[in-house]
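Undergrad: I'll drop the sequence and a predicted model, then ask my questions.
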Amino acid sequence: MDISQIINELGEERENYFNAISPPIAQTSNFAFKTVSDLSKAFEDEMGGYLYSRGLNPTVEILRKKLAALDGAEDCLVFNSGAAAIFAGVLANVKAGDHIVSVKAPYTWAQRMFDIILPRFGVTTTYINGTRIENWEQATKTNTTLYYLESPNSWDFALQPLREVAVLARSKNITTFIDNSFCTPLYQKPIEIGIDMAMQTATKYIGGHSDTLGGVLSGSHAMMKKIFDSEYLNIGSGIQPFNAWLLIRGLRTLPARIDRITKTSLEVLKFLKSHPKIESVIFPLDESFPQYQLAKQQMSGACGLMTLVLKTNKRTEIVKFCENLQHIMMAVSWGGHESLVIPKCSGIPVSDFDPSNPEHRYIRLYVGLEEADYLIKDLDQAFEKMIK
Ligand SMILES: Cc1ncc(COP(=O)(O)O)c(C=O)c1O
């Protein structure tokens, strides 16, 4: 289906609500029944109709249809955050004694789940350098049930060969899960490549305005039903109607924002690469990126996030650079209208800072919707003040 149709029409039944262009927010916790037999049917299959908004809700349904179609998936579930979507998708596919193979350094709260929560239930995880298919094969054990991917990673942008991992997993009856937040389904469609479940934090580009959280988990209808009937209803972390409405609104402008951010990112990247205070810039669709060929094969674009390594060994200079930015703010997250930086060293105790480890010197830059010149001037003046 055409992307414009998905965004502007799919799932919307305007004649049922006064032909309003913008859908109503069904801000209700529960739904009434006229007959006991209808109520009984709703109890039997909560995914089949409206009973209670911890399950289905009409505003969320509009969003759900659009997001599944964007992912090219049979179905999806929308959660109150990306972290909740990860939690439910992983939990539904492991039991005591199972083993997960995951890319190294996945998103923080995925890693905490693997390191802290799952071991309490006898589920173990092996982290690998996921860039090479041999590493997946070697780490697989007889009790491996899940491969966890994040391609690209949101700091160093390491990619996994998605098609090869999907084929290997299928041959071993292992379920595959990918965090597709960096690309969004506009720039990468893992389900069409053969990955079983694609997750993205809707907090980022889908919402686009830094005013709501959300998470999307897409896959087969059977997989989504399995998760809906257990983790989704039990954790109770489905998205709320108002937040779903904000995400529908965000979707209306998603392609336009992604397009603009892509263009601005390339201008900012060009400036940074030529700046004397920059050691390197990591960006998956830059020719200097080690997996550039693979990125071109499996992604149709990249935007927004890039990682800078400054030419300095001093933490104080990294701090000065970040603190001297006048317009680009320092905050977690990305995908909104506002440009942001976050230095890796903010999460490392000062005494542990090791300048010989380039990762300690990483600064992640998110390019938002501002004019390119405005951002470049801001970066330039912060470079000037770095050593003063
Ligand atoms: C790559 C990635 N995956 C998942 C998440 C989790 O999403 P949320 O913050 O919506 O829970 C984030 C959030 O920063 C992220 O950057």
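TA: Received it, and whenever you're ready, just let me know what you need.

Undergrad: Going by the annotation, which residue ranges form each domain of this structure?
TA: Domains of the chain are assigned by automatic domain parsing as 3-252, 254-385.

Undergrad: okay, those domains, which one's buried deepest?
TA: Among those, ranked by average contacts under mean count of other CB atoms under 10 Å, first place goes to domain 3-252 (a mean of 19). Just so you know, the C-beta spots here come from the backbone N, C-alpha and C atoms, and that holds for glycine as well.

Undergrad: His360 versus the closest residue to Phe353 other than its chain neighbours, what's the distance?
TA: Spatially, and ignoring its direct neighbours in sequence, Phe353 is nearest to Arg315 (4.8 Å; CB to CB, 6 or more residues apart in numbering). Distance, Arg315 to His360, by CB to CB, to the nearest Å: 8 Å.

Undergrad: so what sits against both of those two?
TA: Cys345, Phe353 (CB atoms under 8 Å, 6 or more residues apart in numbering).

Undergrad: OK, contacts around the residue in the chain that the ligand sits nearest to?
TA: Here the chain gets closest to the ligand at one residue, Gly82, 2.4 Å apart by CB to the nearest ligand atom. The neighbours of Gly82, taking CB under 8 Å, 6+ apart as the test, are Tyr107, Asp179, Ser181, Met199, Gln200, Thr201, Ala202, Thr203, Leu213, Gly214, Gly215, Val216.

Undergrad: again, but for Gly368
TA: So Gly368 contacts Ile261, Gly304, Gly336, His337, Glu338, Ser339, Leu340 (CB under 8 Å, 6+ apart).

Undergrad: Give me the pLDDT value at it.
TA: As predicted, Gly368 sits at a pLDDT of 98.

Undergrad: From the centroid of the protein, which residue is nearest?
TA: Central residue of the chain (CA atoms, centre = their mean): Ser181, 2.2 Å from the mean position.

Undergrad: does that one sit in a helix, a strand or a coil?
TA: Put simply, Ser181 is coil when judged by DSSP: H, G, I helix; E, B strand; the rest coil.

Undergrad: Pretty sure the residue nearest to Phe353 sits against Val350.
TA: Yes: with contact defined as CB atoms under 8 Å, Arg315 reaches Val350; the gap is 6.8 Å.

Undergrad: Provide a complete list of residue ranges assigned to strands in the chain.
TA: 75-79, 99-103, 124-128, 144-150, 175-179, 197-201, 215-219, 278-282, 305-310, 329-330, 340-343, 362-366 (DSSP state E).

Undergrad: possible to save those as JSON lines with distance to the ligand?
TA: Putting those into JSON lines (distance: least, CB to the nearest ligand atom, whole Å) gives the following:
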{"stretch": "strand 75-79", "distance to the ligand": "8"}
{"stretch": "strand 99-103", "distance to the ligand": "11"}
{"stretch": "strand 124-128", "distance to the ligand": "16"}
{"stretch": "strand 144-150", "distance to the ligand": "6"}
{"stretch": "strand 175-179", "distance to the ligand": "5"}
{"stretch": "strand 197-201", "distance to the ligand": "3"}
{"stretch": "strand 215-219", "distance to the ligand": "5"}
{"stretch": "strand 278-282", "distance to the ligand": "15"}
{"stretch": "strand 305-310", "distance to the ligand": "9"}
{"stretch": "strand 329-330", "distance to the ligand": "15"}
{"stretch": "strand 340-343", "distance to the ligand": "10"}
{"stretch": "strand 362-366", "distance to the ligand": "10"}
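
Undergrad: I'd like those strands as CSV, with distance to Ser29 appended.
TA: Below are the strands of the chain laid out as CSV (distance: least, CB to CB, whole Å):
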stretch, distance to Ser29
strand 75-79, 17
strand 99-103, 35
strand 124-128, 37
strand 144-150, 34
strand 175-179, 31
strand 197-201, 25
strand 215-219, 21
strand 278-282, 46
strand 305-310, 37
strand 329-330, 36
strand 340-343, 35
strand 362-366, 36
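
Undergrad: Can you pull the residues of the stretch 151-300 of the chain lying near the ligand?
TA: For the stretch 151-300 of the chain, the residues in contact with the ligand (CB under 6 Å from any ligand atom) are Ser154, Asp179, Ser181, Thr201, Thr203, Leu213, Gly215.

Undergrad: Okay, now stretch 180-196: how far is its last residue from its first?
TA: With CA to CA, to the nearest Å as the measure, stretch 180-196 spans 12 Å from end to end.

Undergrad: ah, wrong one, I meant stretch 146-166
TA: 11 Å.

Undergrad: Tell me the gap between it and the middle of its chain.
TA: 12 Å (CA atoms, centre = their mean, to the nearest Å).

Undergrad: which stretches of the protein have low pLDDT?
TA: Counting by pLDDT under 70, not a single residue of the chain qualifies.

Undergrad: Which single helix of it contains the most residues?
TA: helix 254-273 (DSSP state H).

Undergrad: any idea of the angle it forms with strand 278-282?
TA: Angle of helix 254-273 versus strand 278-282, following axes from the mean of the first three to the mean of the last three CA atoms, to 10 degrees, is 150 degrees.

Undergrad: So what's the gap between helix 254-273 and the chain middle?
TA: 19 Å.

Undergrad: do the same with stretch 344-351
TA: 24 Å.

Undergrad: what do you get for stretch 191-209?
TA: 5 Å.

Undergrad: Quote the end-to-end distance of stretch 123-134.
TA: End-to-end for stretch 123-134, by CA to CA: 23 Å.

Undergrad: How about residues contacting it?
TA: Defining contact as CB under 8 Å, 6+ apart, one finds that stretch 123-134 is touched by 94-105, 114-115, 118, 135-136, 138-139, 141, 148-149, 151, 158-161, 164-165, 168, 291.

Undergrad: how about 7 Å then?
TA: Applying CB atoms under 7 Å, 6 or more residues apart in numbering, the external contacts of stretch 123-134 come out as 94, 96, 98-104, 114, 118, 135-136, 139, 149, 158-161, 164-165, 168, 291.
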